[in-house]
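**Q** please work out how this folds:
(one chain, ligands or ions: 2)
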Amino acid sequence: MQRKAALPLRDAKSGNANKMKALCGKEALVKLLRWHFGYPDFRGKQLDAIQAVLSGRDCFCLMPTGGGKSMCYQIPALAKTGIVLVENQVMALKEKGIDAEFLSSTISTDAKNKIHDDLDSGKPSTRLLYVTPELIATAGFMPKLKKIYARGLLSLIAIDEAHCISSWGHDFRPSYRQLSLLRSHLPDVPILALTATAAPKVQKDVVQSLHLQNPLILKSSFNRPNIYYEVRYKDLLDDAYADLSNTLKSKGDVCAIVYCLERSMCDELSAHLSQNGISCAAYHAGLNKKMRTSVLDEWISSKIQVVVATVAFGYGIDRKDVRIVCHFNIPKSMEGFYQESGRAGRDQLPCTSLLYYGVDDRKRMEFILRNSGSKKSQSSTSQEESSKKSMADFTQMVEYCEGSGCRRKRILESFGEKVTASLCEKTCDACRHPNLVARNLEDLTTAIALRQKGSSSRIFITSSSDAINGEQLSEFWNRGDEAIGSDDDISDSDDGNEVVNNLTKSKLHSKVGVNEKLAMLERAEENFYRNEKAKKQSKVDKNAISDAMRESSRQRLQNALKQAQQRLDNLKIELETSASFLEDECYKKYSKTGKSFYYSQVASTVRWLATTSSVDMLNRLGAMKESTSMDAVPEAEGRTPPHAIDHSGKEGTSNELSGNAQSEILPCGDRGMPIESSSVNTKLPQIPSFYEFVNSRKTKGDQLDDTKKNSSRVEKKMRVQ
Ligand SMILES: Nc1ncnc2c1ncn2[C@@H]1O[C@H](COP(=O)(O)OP(=O)(O)OP(=O)(O)O)[C@@H](O)[C@H]1O
Ligand SMILES: [Mg+2]
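**A** Ligands and ions are numbered 1, 2, ... in the order given. Predicted coordinates for the structure are as follows:
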């Protein structure tokens, strides 16, 4: 990327008062913002922070996640001669033509020398120098910094994620402690400390540790209005993996981060999601560096959409369109949770924070925290103190999950903000579906009580009907049935599909027989259609399928086709045309019903592509050419298109393959409930109905076809490569 020419207003080195005034003026700074970043105006407290540091004052800036803290040091770097010292995101700046460099002990000697040569030169071109706190602590680096400082070239020190300096923070990093040396070595350089998570105690600690002098303290509300907060209860779910998988699919091919506590769970969950047609990969410290970089690159460039990671993932990553951040295990503190969930929706568009809460997870975390204070280096008092502190932090998180009040209010109050629940405007599950949340919590309490008693505990941790203890459960069951028929589910919801979703959520419902389940679905579907009709009448169709959604579905199908093509020995298929054809089928089938059903159909097709045989694939795509004349004709079994070429030449095995593959395909509703398709006249993909699916499961039992195993092995292998 070419360097962008500097705006002429850029030099105020002389310290001339008029020049300084012009430099700090809003107009000049907005000009810089527009020139270099293309944004029309500053957000929140950005301008105040920039003006403070440009005038030489220390500043402590607390802004919400995604609030635009980086701009607070990027603009000063462009406005003033000299170098701004910070910590990470260099590539993005370089792409904007801004001279930024990153120095750390991990870069090559050549690259290091180049940067040092520039810094030693009379007129360094580097405007922003990103360094790690570890580097500052090294003996060789401080003298270099001092040299730059002595030449009057160091104009600002910015400490991003400043909460890491405080052992009271959720993410204390000992290396940050070294940053306290900066003030004594470089006394006149203003310091800008930035963070999105600082409880009052941490704030005080940051100011003291960095020796900020009379800092301007800027504090914005931590509220993230574009995030919808939701908690689901693992103990009430049949299968949390399936629930997550269906949720992701129902949202379309959206970008997501899923946080897990352990590496092994990242791998396992990622494999499960991949098998279900979700473009996803695991990311954690157990992978080698090459693999981690490759996952990160693919995610940043949208080649994969979902990363299943440990909390190590996320620092300095600026992908703006993350639509869901899911915590698959309860985080250890509200601060960490806020920071991680805040990685969603940095484009300010609607997004979701979804937390899966499980009593076992809670116990595990409590165990970890209770024992984590026992480091050798700590005295027993500080051990005790830190363990107490960890437990107190964690309790806030447990209350967030187990409380019935507004989730947003709870988050903000934990940061000392006083808010009313009306601020939420129904953008958390507790405000949007209070009855459902209350009922879930009641069920959860019963579940915990039963587990504590030690009897029938398995009913909540297994879907096996063997584990049902009739007497103890009858009360439970009855309540479940009431819940099923309740109008509250519907009246709370502004989307008919939520009804279907809610049916999938409770473990109670999993105990209901297939017929009842289908009857429930029918009722839910009826409600869905009724709501749809009402929506149409009021001319507000929230469920409409936009062109952008269709395009993203086409892209998703194309990716799935590509993977299938590789799996099937480079089967000759026209990727783009085939993707359009398959998307068009989904659209035709569900354009009237709405986006959720449409998305589910796309997801089903993706799953079908993940397991289907060459012959079946070609048969299906063969309909492409015939589709115009065949729309009204019933599905022809084993139709082979004129141009169908099976590279594998294994036509003889195709029936078996397709039978097995089809048994895995289940059209799903918004969060995965199966949908009956008989009411739609358009020609359907070769996907079984729910009845067929259930029957085939019954007859086939647990037998897994070798072919399917092989294909998933190949898929896994491909992912690893
Ligand atoms: N004035 C602005 N107008 C529009 N977009 C902006 C503005 N300032 C920053 N942004 C954009 O907002 C996004 C988030 O910015 P940034 O990464 O600096 O947030 P942050 O506060 O550091 O968040 P985090 O706490 O998650 O690190 C970036 O894509 C950035 O380009
Ligand atoms: Mg940041």
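**Q** from here on, just use CA atoms for contacts and neighbour counts.
**A** Noted.
**Q** could you list the domains of the chain?
**A** Split into domains by the TED database, the chain comes to 17-219, 227-375+382-427.
**Q** select, out of those, the one closest to Ala449.
**A** For those, proximity to Ala449 was assessed by Cα to Cα; domain 227-375+382-427 is nearest, at 11.4 Å.
**Q** is ligand 1 contacted by that closest one?
**A** Yes - Domain 227-375+382-427 lies within reach of ligand 1 by Cα under 6 Å from any ligand atom, at 318, 320, 343, 346.
**Q** what secondary structure does Leu571 sit in?
**A** The local conformation at Leu571, judged by DSSP: H, G, I helix; E, B strand; the rest coil, is coil.
**Q** one more: Ala256?
**A** At Ala256, secondary structure determined by three-state DSSP is strand.
**Q** who is it paired with across the strands?
**A** Beta bridges link Ala256 to Val306, Ile324 when assigned by DSSP bridges.
**Q** thought Val325 was touching it, still the case?
**A** Yes - when contacts are counted by Cα atoms under 8 Å, Ala256 is listed as touching Val325 (5.7 Å).
**Q** buried ones in stretch 178-195, by neighbour count?
**A** 178-183, 186, 189-195 (16 or more other Cα atoms under 10 Å).
**Q** reformat the domains of the chain as CSV; add mean pLDDT.
**A** Rendered in CSV, the data for these read as follows (pLDDT from 0 to 100):
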stretch, mean pLDDT
domain 17-219, 84
domain 227-375+382-427, 90
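**Q** and Glu262, what does it touch?
**A** Residues near Glu262 by Cα atoms under 8 Å, 6 or more residues apart in numbering: Thr310.
**Q** and it, its phi and psi?
**A** Phi and psi for Glu262, reported as degrees, to the nearest 10, are phi -120, psi 150.
**Q** the one 10 residues further on now?
**A** Backbone geometry at His272, expressed as degrees, to the nearest 10, gives phi -60, psi -50.
**Q** got the contact list for it?
**A** Tyr241.
**Q** likewise for Ile300?
**A** With contacts defined as Cα under 8 Å, 6+ apart, Ile300 is in contact with Arg319.
**Q** how about CSV for the residues of domain 227-375+382-427 next to ligand 1, with neighbour count added?
**A** Written out in CSV, the entries for the residues of domain 227-375+382-427 next to ligand 1 read as follows (neighbours: other Cα atoms under 10 Å):
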residue, neighbour count
Asp318, 16
Lys320, 16
Arg343, 27
Arg346, 22
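**Q** using TSV, lay out the residues you listed together with distance to Ser386.
**A** As requested, these are arranged in TSV below (distance: Cα to Cα, whole Å):
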residue	distance to Ser386
Asp318	32
Lys320	35
Arg343	27
Arg346	33
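**Q** neighbours of the nearest residue to Asp48 once chain neighbours are set aside, just the number please.
**A** Counting by Cα to Cα, 6 or more residues apart in numbering, Leu218 is the residue found nearest to Asp48 once chain neighbours are left out, at 7.9 Å. Neighbours of Leu218 under the rule other Cα atoms under 10 Å: 16.
**Q** got it, and Val606?
**A** Residues lying near Val606 (other Cα under 10 Å) number 25.
**Q** just checking, what packs against the helix or strand in which it is found?
**A** The secondary structure element spanning Val606 is helix 595-611 (assigned by DSSP states H and E). With contacts defined as 3 or more Cα pairs under 8 Å, 6 or more residues apart in numbering; DSSP states H and E, the packing partners of helix 595-611 are helix 240-250, helix 547-567, helix 575-590, helix 654-663, helix 706-720.
**Q** least confident of the ones you listed, on average?
**A** Ranked by mean pLDDT, those bottom out at helix 654-663, with a mean of 28.
**Q** SS state for Ala282?
**A** For Ala282, the secondary structure call by three-state DSSP comes out as strand.
**Q** spatially nearest residue to it, not counting backbone neighbours?
**A** Here the residue nearest Ala282, using Cα to Cα, 6+ apart, is Val308, at 4.7 Å.
**Q** a strand runs through that neighbour, doesn't it?
**A** Yes - under three-state DSSP, Val308 sits within a strand.
**Q** run a quick neighbour tally on it.
**A** By other Cα under 10 Å, the residues close to Val308 number 29.
**Q** surely it touches Tyr283?
**A** Yes - A contact is recorded between Val308 and Tyr283 when judged using Cα under 8 Å, the distance being 6.1 Å.
**Q** now the angle from the helix holding Val606 to helix 240-250?
**A** Helix 595-611 and helix 240-250 are oriented at 110 degrees to each other (axes from the mean of the first three to the mean of the last three Cα atoms, to 10 degrees).
**Q** now helix 595-611 against helix 575-590, angle please.
**A** Calculated by the same axes, to 10 degrees, helix 595-611 forms an angle of 140 degrees with helix 575-590.
**Q** with only the CA atoms kept, save helix 595-611 in PDB.
**A** What follows is helix 595-611 as a C-alpha-only set of coordinates in PDB (Å, rounded to 0.1, in the frame of the first residue of the first chain):
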ATOM      1  CA  LYS A 595     -36.000 -15.900   6.200                       C
ATOM      2  CA  SER A 596     -35.600 -18.300   9.100                       C
ATOM      3  CA  PHE A 597     -37.100 -21.200   7.100                       C
ATOM      4  CA  TYR A 598     -35.100 -20.200   4.100                       C
ATOM      5  CA  TYR A 599     -31.900 -20.200   6.100                       C
ATOM      6  CA  SER A 600     -32.700 -23.600   7.500                       C
ATOM      7  CA  GLN A 601     -33.200 -24.900   4.000                       C
ATOM      8  CA  VAL A 602     -29.900 -23.500   3.000                       C
ATOM      9  CA  ALA A 603     -28.300 -25.100   6.000                       C
ATOM     10  CA  SER A 604     -29.900 -28.400   5.200                       C
ATOM     11  CA  THR A 605     -28.500 -28.200   1.700                       C
ATOM     12  CA  VAL A 606     -25.100 -27.400   3.000                       C
ATOM     13  CA  ARG A 607     -25.200 -30.500   5.200                       C
ATOM     14  CA  TRP A 608     -26.400 -32.600   2.300                       C
ATOM     15  CA  LEU A 609     -23.500 -31.400   0.300                       C
ATOM     16  CA  ALA A 610     -21.100 -32.400   3.100                       C
ATOM     17  CA  THR A 611     -22.100 -36.100   2.900                       C
END
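**Q** rewinding a little: and the residue nearest to Ala282, what does it touch?
**A** 257-260, 266-267, 269-270, 280-283.
**Q** again, 7 Å this time
**A** For Val308, the contacting residues are 257-259, 266, 270, 281-283, taking Cα atoms under 7 Å, 6 or more residues apart in numbering as the criterion.
**Q** circling back to that earlier point, now do the SS call for the residue nearest to Asp48.
**A** Using three-state DSSP, the secondary structure recorded for Leu218 is strand.
**Q** before we move on, what about the one 3 residues further on?
**A** Assigned by three-state DSSP, the conformation of Ser221 is coil.
**Q** and for Ala158?
**A** When the structure is reduced to helix, strand and coil (three-state DSSP), Ala158 reads as strand.
**Q** wait, it touches Val189, no?
**A** No - using Cα atoms under 7 Å, Ala158 makes no contact with Val189, being 10.1 Å away.
**Q** which of the residues of domain 227-375+382-427 next to ligand 1 fall in strands?
**A** Among the residues of domain 227-375+382-427 next to ligand 1, no member is found in strands (DSSP state E).
**Q** helices or strands next to whichever strand or helix holds Ser390 in the packing?
**A** Ser390 belongs to helix 380-402 when elements are defined using DSSP H and E. Taking 3 or more Cα pairs under 7 Å, 6 or more residues apart in numbering; DSSP states H and E as the contact definition, the neighbouring helices and strands of helix 380-402 are helix 334-341, helix 359-372.
**Q** so what touches stretch 337-352?
**A** Under the contact criterion Cα under 7 Å, 6+ apart, stretch 337-352 has outside partners 65-66, 197, 226-229, 320-325, 331, 353.
**Q** give me whichever of the helices and strands packed on helix 380-402 is most buried.
**A** Neighbour counts (mean count of other Cα atoms under 10 Å) averaged over each of those peak at helix 334-341, with a mean of 22.
**Q** compute the inter-axis angle for the helix or strand that that one is followed by and helix 334-341.
**A** Scanning forward in sequence from helix 334-341 by DSSP H and E, the next helix or strand is strand 351-357. On the basis of the same axes, to 10 degrees, strand 351-357 is oriented at 130 degrees to helix 334-341.
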